[in-house]
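>>> Provided below for reference: sequence and predicted model.
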Amino acid sequence: MSGGRSSLHDGSAGRTRAGGVGRSDGAPADRDEGDLMNQRRHRAGTAPAFWAAAALAALAAGAAGRVLADPIAVAPAAGSETTAAAPDPAAPFAPVPYGPGEMLVFSIDYGPVNAGEASLEVGEVVDSGGRPCYPVESKAASNRFFSAFYLVRDKVVTHIDVQTLATRYFSKRLREGDYRKNVAIRYDQEAGKARHLDGRDEDVPTGVQDILSAFYFVRTLPLVPGQPALVATHSSRKTYDLVVNVHGRERITVPAGTFDCLVVQPVIQGEGLFQFEGDLTIWLTDDERRLPVLMKTKVKVGAIDASLKSYRPGRPLHPEVRP
């Protein structure tokens, strides 16, 4: 199986309790695995691009492309110096097309060869730095066959504030061949600081996203063909404007079914979730769910596809949004 087939088409998340905030078990506040700890030279080849496509939040995974005219800033620009007031604890949850329990599972294919699986899951609301957040976990793993050549075991976590939709915490643990990387960052949005758990701080604009939360933020946007969006994103110790180009609409078929989609291409500066080079195209459902159903990236030899094979809707905390 490889990705999906597409044809041009002009086609156009139940509710859970708002309380019950629990403690996160995936984001220790007092321990850092160490940014860049045990990092070794990454083996050359196609696997890096393979796993960028695998992880979806690969929306911000280093894709290069042409920026269309007049991007629209939908989050604070990277160079802004705005300071927001502390969020009101009594404010309602922001409307989002996802919620606790949402799970997306992708099949990863390198040409005709199935190489593994990736998943994205939204957990129950947790307390993260004193704020209620959606914990989102992305995992990627090579299968037995592909692991004989290149073992992959990656895990990326973000905590998305349920009111502001900005990131509050980010971590990634990459195991790709003989490459190792561990990163953990807490975001103090009110102070405009990215606080690495090794003690180093960096200035960031209020409302900034990490590379995984940026994808979920894009899912909330009213994407329109021909109107790119800018999202201030922090990665690799720098902040840049993630540009999301929206090219048009297509109908595509993947293992999970047939979907009317918007075709988007991200353009960023910096390192994404996984080691990656090449162009990335993502097909998002052209409805309020904005589900990623297919991702394609070209590599030096061939192409990598990540196709949605199963989807479990979540329980959005905002009553106006349904799965």
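Arrived safely, thanks for sending. Note that the structure is predicted; figures quoted are calculated from it, not measured. Numbering: from 1, shown residues only.
>>> Phi first, then psi, for Pro205.
Phi and psi for Pro205, reported as degrees, to the nearest 10, are phi -70, psi 150.
>>> Now do the strands in the stretch 151-300 of the chain.
For the stretch 151-300 of the chain, the strands defined by DSSP state E, counting those that start in this stretch occupy 153-161, 167-176, 179-188, 193-196, 201-203, 229-235, 238-254, 257-267, 280-285, 292-298.
>>> for those, which one sits closest to Val218?
Val218 lies closest, by Cβ to Cβ, to one member of these: strand 238-254, at 5.7 Å. (C-beta placed from N, C-alpha, C; glycine too.)
>>> Which elements pack onto that closest one?
Under the contact definition 3 or more Cβ pairs under 8 Å, 6 or more residues apart in numbering; DSSP states H and E, strand 238-254 sits against strand 5-8, strand 229-235, strand 257-267, strand 292-298, strand 303-312.
>>> Return the set of buried residues in the longest one.
Within strand 257-267, the residues that qualify as buried are Phe259, Asp260, Cys261, Leu262, Val263, Val264, Gln265, Pro266, Val267, counting by 16 or more other Cβ atoms under 10 Å.
>>> with the residues you listed in mind, which one is nearest to Leu291?
When these are compared against Leu291 (criterion: Cβ to Cβ), the nearest one is Phe259, at 7.4 Å.
>>> Report the contact partners of that closest one.
Contact partners of Phe259, counting by Cβ atoms under 8 Å, 6 or more residues apart in numbering, are Arg251, Ile252, Thr253, Trp283, Thr285, Asp286, Leu291, Val293.
>>> could you point out where the stretch 1-150 of the chain is predicted with low confidence?
Counting by pLDDT under 70, the stretch 1-150 of the chain contains low-confidence ranges at 1-91.
>>> hmm, try it at 80
Scanning the stretch 1-150 of the chain with the threshold set as pLDDT under 80 gives 1-92.
>>> For the buried residues of strand 257-267, could you give me JSON lines that also reports distance to Leu212 and pLDDT?
JSON lines is the format used below for these (distance: Cβ to Cβ, whole Å; pLDDT from 0 to 100):
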{"residue": "Phe259", "distance to Leu212": "22", "pLDDT": "98"}
{"residue": "Asp260", "distance to Leu212": "26", "pLDDT": "98"}
{"residue": "Cys261", "distance to Leu212": "21", "pLDDT": "98"}
{"residue": "Leu262", "distance to Leu212": "20", "pLDDT": "97"}
{"residue": "Val263", "distance to Leu212": "21", "pLDDT": "97"}
{"residue": "Val264", "distance to Leu212": "16", "pLDDT": "94"}
{"residue": "Gln265", "distance to Leu212": "18", "pLDDT": "91"}
{"residue": "Pro266", "distance to Leu212": "13", "pLDDT": "87"}
{"residue": "Val267", "distance to Leu212": "18", "pLDDT": "80"}
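>>> closest to Ala118 among the contacts of Phe259?
Closest approach between the contacts of Phe259 and Ala118, by Cβ to Cβ: Val293, at 13.2 Å.
>>> wait, that closest one sits on Val254?
Yes - at 5.2 Å, Val293 counts as touching Val254 under the criterion of Cβ atoms under 8 Å.
>>> Looking at those two, which has the bigger crowd around it?
Neighbours per residue, other Cβ atoms under 10 Å: of Val293 and Val254, the larger number sits with Val293, 26 against 23.
>>> Which residues are in contact with Trp283?
4, 6, 250, 252, 259, 261-264, 292-295.
>>> of all those, which comes closest to Tyr179?
Met295 (21.1 Å).
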